[in-house]
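# heads up, no residue letters with this:
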């Protein structure tokens with residue numbers, strides 16, 4: 001039988017009070033929930049962006065965790081900082097192969113610098129290829145808003161300033177050596193197409209943009225490199241490993257205190273279900289699956305989760321929230337932790353499709369499970385598709 005022992009009250013930013021309790025069961029395991037508030041997604045003002053960069057996770061059901069140091073001032077990233085800063089590129093699944101001769105491969109060797117200094121690599125070019133990325137590249141784990149440099153001298157030949165598609169905002173550089181480089185998922189760019197830049201010039205700021213969101217990924221810079229031609233000429237899959245062309249006369253990247261590379265999961269499910277008006281419903285994320293995470297007693301998982309819904313026929317708005325359920329030794333719900341609700345107004349676009357998103361970093365210790373709730377305000381709505389993306393560390 002679960003026993004509740006009162007602890008203390010604390011307050012979620014924005015005014016929501018939460019009562020903090022220890023939960024224990026006969027096995028002695030204490031479910032622990034640390035959950036961030038998910039801010040409403042919308043047009044981000046600069047103030048909102050600064051506030052988002054300064055968010056800190058909250059602890060429910062355990063002693064307050066010490067806030068991580070400001071990652072902007074650290075030479076390396078802690079496990080938590082790396083989690084928030086890291087990202088794993090997704091997009092269409094295709095297999096990339098290199099079609100270049102050894103001579104072409106050597107054309108740029110040892111001439112480029114890294115875009116953000118010696119930031120840890122959160123996902124390698126080989127890692128992208130292993131999971132059949134449509135544009136294999138190297139992901140450098142940096143917080144949002146960090147300066148991004150021209151890795152070599154050349155001409156800016158392409159720029160995208162919207163968060164649409166898997167790339168988000170990007171810049172493309174035609175290097176003086178004839179190679180082609182793309183920087184993906186940017187927060188903003190500061191140079192125009194046609195601008196000549198020198199190696200080391202600040203050309204952009206790092207972000208997490210993609211899939212019509214400022215937080216389509218964890219924050220990072222994705223670097224793609226093509227030898228001797230553009231991706232439209234050579235194929236988007238036919239990149240080479242950027243790290244093989246970096247100047248190698250300086251110290252190696254700093255070792256993070258813990259492995260900064262999380263496990264990545266990405267699933268899309270065609271739910272195609274009409275939900276009734278003004279009633280909370282669990283979001284189905286698979287044919288027989290509702291849960292974003294399920295942990296047995298004593299198991300740990302730290303990560304961030306992004307839930308994206310594609311809906312039609314929305315009368316007024318959609319509301320999204322995440323619920324964590326602490327379980328007792330018999331597997332029954334001992335206590336529920338309902339996270340703040342995000343409301344997404346219906347679309348004004350001509351296709352009538354509303355896109356809803358919920359973003360939440362978390363830390364869990366089992367037995368516990370996590371799932372999403374959706375509610376249609378003012379009338380029924382059809383949830384056509386559910387996409388879930390997770391970057392996490394199991395333990």
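Arrived safely, thanks for sending. This is a predicted model, so every value here is computed, not measured.
# Could you check which helix or strand contains residue 363?
Per DSSP states H and E, residue 363 falls inside strand 353-365.
# packing partners for whichever helix or strand comes after that strand?
The C-terminal neighbour of strand 353-365 among helices and strands, as given by DSSP H and E, is strand 368-377. When contacts are defined as 3 or more CB pairs under 8 Å, 6 or more residues apart in numbering; DSSP states H and E, strand 368-377 sits against strand 273-275, strand 281-282, strand 291-295, strand 300-312, strand 317-327, strand 353-365. (C-beta placed from N, C-alpha, C; glycine too.)
# can those strands go into CSV with extra columns for distance to residue 237 and mean neighbour count?
Formatted as CSV, the helices and strands packed on strand 368-377 follow (distance: least, CB to CB, whole Å; neighbours: other CB atoms under 10 Å):
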stretch, distance to residue 237, mean neighbour count
strand 273-275, 35, 14
strand 281-282, 38, 14
strand 291-295, 31, 19
strand 300-312, 25, 21
strand 317-327, 34, 21
strand 353-365, 27, 23
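# Could I get those in JSON lines, plus columns for distance to residue 152 and mean pLDDT?
Output for the helices and strands packed on strand 368-377, formatted as JSON lines (distance: least, CB to CB, whole Å; pLDDT from 0 to 100):
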{"stretch": "strand 273-275", "distance to residue 152": "50", "mean pLDDT": "95"}
{"stretch": "strand 281-282", "distance to residue 152": "50", "mean pLDDT": "96"}
{"stretch": "strand 291-295", "distance to residue 152": "42", "mean pLDDT": "93"}
{"stretch": "strand 300-312", "distance to residue 152": "33", "mean pLDDT": "89"}
{"stretch": "strand 317-327", "distance to residue 152": "43", "mean pLDDT": "93"}
{"stretch": "strand 353-365", "distance to residue 152": "34", "mean pLDDT": "86"}
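# got JSON lines for those, with distance to residue 168 too?
Shown next, in JSON lines, are these (distance: least, CB to CB, whole Å):
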{"stretch": "strand 273-275", "distance to residue 168": "29"}
{"stretch": "strand 281-282", "distance to residue 168": "30"}
{"stretch": "strand 291-295", "distance to residue 168": "23"}
{"stretch": "strand 300-312", "distance to residue 168": "13"}
{"stretch": "strand 317-327", "distance to residue 168": "21"}
{"stretch": "strand 353-365", "distance to residue 168": "14"}
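# Of all the ones you listed, which one comes closest to residue 149?
Nearest to residue 149, of all those, is strand 300-312, at 26.8 Å by CB to CB.
# now the angle from that closest one to strand 317-327?
Put simply, strand 300-312 runs at 150 degrees to strand 317-327, going by axes from the mean of the first three to the mean of the last three CA atoms, to 10 degrees.
# Strand 300-312 pairs with which strands, parallel or anti?
Strand 300-312 pairs in its sheet with strand 353-365 (antiparallel), strand 381-394 (antiparallel), by DSSP bridges.
# List the buried residues of the longest one.
Just to be clear, that refers to strand 381-394. Residues 381, 383-384, 386-393 are the ones in strand 381-394 that count as buried (16 or more other CB atoms under 10 Å).
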